[in-house]
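[1] What follows is a predicted protein model with its sequence.
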Amino acid sequence: MDTVAARRYLAAYRVCLRIAARQATTYRASFLLSSLIALVGNLAFPLVTVLIYGSGAGFPGWTADEVLLIQGVFTLSAGLSGLVLGAVVQVTIDRVRQGTLEVVLLKPVRPLPFIALTGVQPESAGVALGGAVLVACAASRSVQTISVGAALSFVGLFLAGLCVMAGVVLVMAATSFRWVGNSRLPEIADSVQMFGRYPMAIFPGALQGVVTFVVPVAMVGFVPASALLGRSVAGAWPAAATCVAFLAFGVWLYDRQIRHYQGVGG
Amino acid sequence: MGAAVEVENLSKTYVTYKRSGLFRREPTTVTAVDDVSLTIAPGEICGVLGPNGAGKSTTIKMLCGALLPTSGTVRVLGYEPFRERRRYVREIGAVFGQKSQLIWDIPPADSFLMNKAIYGVPDAPFRETLDELVSLLDVADKIEVPTRVLSLGERMKCEFIMAMLHRPKVVFLDEPTIGLDTIAKAGIRDFVRGMQERGTTFVLTTHDLEDVERLAEHVVIIGAGTKVFDGSLRDLKRSLGDTKIVELTLSRPASEADLDGLRVVGRRSDLELTIEVDMALLGPAELFAAVSRRLQITDITVRELPMERVITEIYTSSRR
């Protein structure tokens, strides 16, 4: 992308953020309710973790605060990716089914960024904030000192986790060009990402390999949280490279599948 | 100057599935557009007509770069629309009567700003174009109101502004007056005519034949995916000969003998008849003499054949 195009995308992003904010203030009650539901929905499973550990059970080798740290990182990641890519799957499904993708294809930009820009979900900011608070609380109780190396590893692996989140969203959205009207795709995307919320040790070995190196959703919560805790995860950096490749595959697949768009009868 | 739009042997096929049992389905290939060729000159308004499902919208979508043709070539302003989409769409605009580009919950002015950013239109030209379009379409007091509260006519005018803010050279209009009242239609038509006078090329698909009669010099008719007519509006009307519709009001009912040899095509009452006359065989004076000899006429009106009739005849004869 050249600098002129990059400036245009940035300008468009600023306008879209302003539009999203205006839409949110148009329906204030709906926005507040959506934010609350998203926050509660994303913070409910850490509550389950607290209840599990409160009853004396738990994940072997992991304290409650360490598991909450994984889940906090996951929530932060979900909030940030939701802010940018949250609506891509649903908007793509709707536009393909209703035959309104032409409106997107008429713009002199790549369809994927356009859909992402116009589908900004401000309520995800609340989820990201909730995740950040959870990370801060859990880290303060489970991490004694954070070395510069651990902090840098966390940031790098967290960014890789965002790449996976985006990759899963894009692969799911891309399938909607052929698998028209499948309203369950967002749920499938959520289910796939779910594996990143827990310590990998609870999964069978083969599944650990799949969620670390094939569809590397372990990177969304588990791997970066482990880095912050100073626990090394074998193959973390090769897995991070897989995450970037996964995102690139998602972008390529989305762009490629658009040519199968057929519109609807006129 | 070269053509604005050049289409050669354009085809588009889809694979759809036909249910053949509870769980079984068979693939079926549907040809939506079949070997269509056409040329549109710069600054022209070309009306693309045809019944529902004829392939008009699919053709327009391929011309806009939204659909990939199965075969054939399309060049608009020298671009190959699908392959050069991002550069190409900067030069064109489109208004889809049934698909909005405006954002529903916020005022059109904000949607215009989004297009300004996406097309990278600098502030001064944007303001100048916006002021000009707003004044031409008379919507100055509407663009700051949320889109959802605008009337259909006001919304459609704002769709035109959205499509033309970047000053496109070719504009595709797909049913732009659908659902509009007479006044709103007239406003849109005046606007299109005004923009054409400034050099913009328009490609218009519509079911409203008045749109075509008032705007298009060049008409293309598509039926069952194939082109069945391509010529001027005058040629289209002459394609069925110089036939006219003559409406007669009589002072006494006509007998069968009186009507012998006349082609009666309508009879609203015993005193109101509609006949069809080929004016190439019978001039106005002879016509008047012929009917007044047999019938007691109190009023006579001579009209052109309705466009619906012309198109239906052409479409039907192409399928024989």
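    On my side now, so go ahead.
[2] Only C-alpha atoms from now on, for both contacts and neighbour counts.
    Noted.
[3] Would you confirm that residue A:25 contacts residue A:31?
    Yes - using C-alpha atoms under 8 Å, residue A:25 is in contact with residue A:31, at 7.5 Å.
[4] what about residue A:6, helix or strand, and which?
    Taking DSSP states H and E as the definition, residue A:6 sits inside helix A:3-26.
[5] can you tell me the average pLDDT over that helix?
    Helix A:3-26 comes out with an average pLDDT of 81.
[6] contacting residues around that helix?
    For helix A:3-26, contacts defined as C-alpha atoms under 8 Å, 6 or more residues apart in numbering or on different chains pick out A:30-31, A:117-118, A:120-122, B:105-106, B:110, B:113-114, B:117-120.
[7] ok so, going back, and residue A:25 and residue A:31? which has more neighbours close in?
    residue A:31 (18 against 13; other C-alpha atoms under 10 Å in any protein chain shown).
[8] and the more buried one, what does it touch?
    Here residue A:31 is in contact with A:24-25, A:123 (C-alpha under 8 Å, 6+ apart).
[9] Could you single out the nearest of those residues to residue B:202?
    Closest to residue B:202 out of the contacts of residue A:31 is residue A:24 (37.4 Å), distances taken as C-alpha to C-alpha.
[10] number of nearby residues for the closest one?
    A count of nearby residues for residue A:24, using other C-alpha under 10 Å, gives 18.
[11] now swap in residue A:111 and tell me
    Residue A:111 has 21 neighbours, counted by other C-alpha under 10 Å.
[12] can you give me the strands in the stretch 51-200 of chain B?
    B:71-76, B:92-96, B:170-174 (DSSP state E, counting those that start in this stretch).
[13] Dump those strands into a markdown table; add mean pLDDT as well.
    Below are these laid out as a markdown table (pLDDT from 0 to 100):
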| stretch | mean pLDDT |
| --- | --- |
| strand B:71-76 | 96 |
| strand B:92-96 | 93 |
| strand B:170-174 | 95 |
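[14] Any idea which of those gets closest to chain A?
    Among the strands of the stretch 51-200 of chain B, the nearest to chain A by C-alpha to the nearest C-alpha is strand B:92-96 (7.6 Å).
[15] So what touches that closest one?
    Strand B:92-96 is contacted from outside by A:106, B:64, B:159-160, B:163-164, B:168-176, using C-alpha under 8 Å, 6+ apart.
[16] do the same with stretch A:32-43
    Here stretch A:32-43 makes contact (C-alpha under 8 Å, 6+ apart) with A:75, A:123-124, A:126-127, A:130-131.
[17] Going by neighbour count, list what's buried in that stretch.
    Neighbour-count burial for stretch A:32-43 flags A:34-36, A:38-39, A:42-43 (criterion: 16 or more other C-alpha atoms under 10 Å in any protein chain shown).
[18] just stretch B:40-53 next, same as before
    Buried residues in stretch B:40-53, counting neighbours by 16+ other C-alpha under 10 Å, are found at B:40-51, B:53.
[19] How far does that stretch stretch from one end to the other?
    End-to-end distance for stretch B:40-53, by C-alpha to C-alpha, to the nearest Å: 23 Å.
[20] Residue A:100 reaches residue B:98, doesn't it?
    No - in this structure, residue A:100 is not within contact of residue B:98 by C-alpha under 8 Å, at 9.2 Å.
[21] more neighbours, those two?
    Remark: of residue A:100 and residue B:98, residue A:100 carries more neighbours, 19 against 15, as counted by other C-alpha under 10 Å.
[22] if you skip the residues just before and after it, what's nearest to the more buried one?
    Excluding its sequence neighbours, the residue lying closest to residue A:100 (C-alpha to C-alpha, 6 or more residues apart in numbering or on different chains) is residue B:99, at 6.4 Å.
[23] Go ahead and confirm the one you found touches residue A:101.
    No - when contacts are counted by C-alpha under 8 Å, residue B:99 is not listed as touching residue A:101 (9.5 Å).
[24] neighbour-wise, which of those two wins?
    Neighbour count, other C-alpha under 10 Å: between residue B:99 and residue A:101, residue A:101 has more, with 24 against 15.
[25] List the residues that contact that one.
    Contact analysis of residue A:101 by C-alpha under 8 Å, 6+ apart lists A:92, A:95, A:263, B:66.
[26] sorry, back to before: can you put the buried residues of stretch A:32-43 in CSV and add secondary structure?
    Formatted as CSV, the buried residues of stretch A:32-43 follow (DSSP: H, G, I helix; E, B strand; the rest coil):
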residue, secondary structure
A:34, helix
A:35, helix
A:36, helix
A:38, helix
A:39, helix
A:42, helix
A:43, helix
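[27] farthest pair in the residues you listed?
    Taking C-alpha to C-alpha, the two most distant members of those are A:34 and A:43; they sit 13.9 Å apart.
[28] right, and the secondary structure at the nearest residue to residue B:197 once chain neighbours are set aside would be what?
    Counting by C-alpha to C-alpha, 6+ apart, residue B:197 lies nearest to residue B:43, which is 7.6 Å off, once chain neighbours are set aside. Under three-state DSSP, residue B:43 falls in the coil class.
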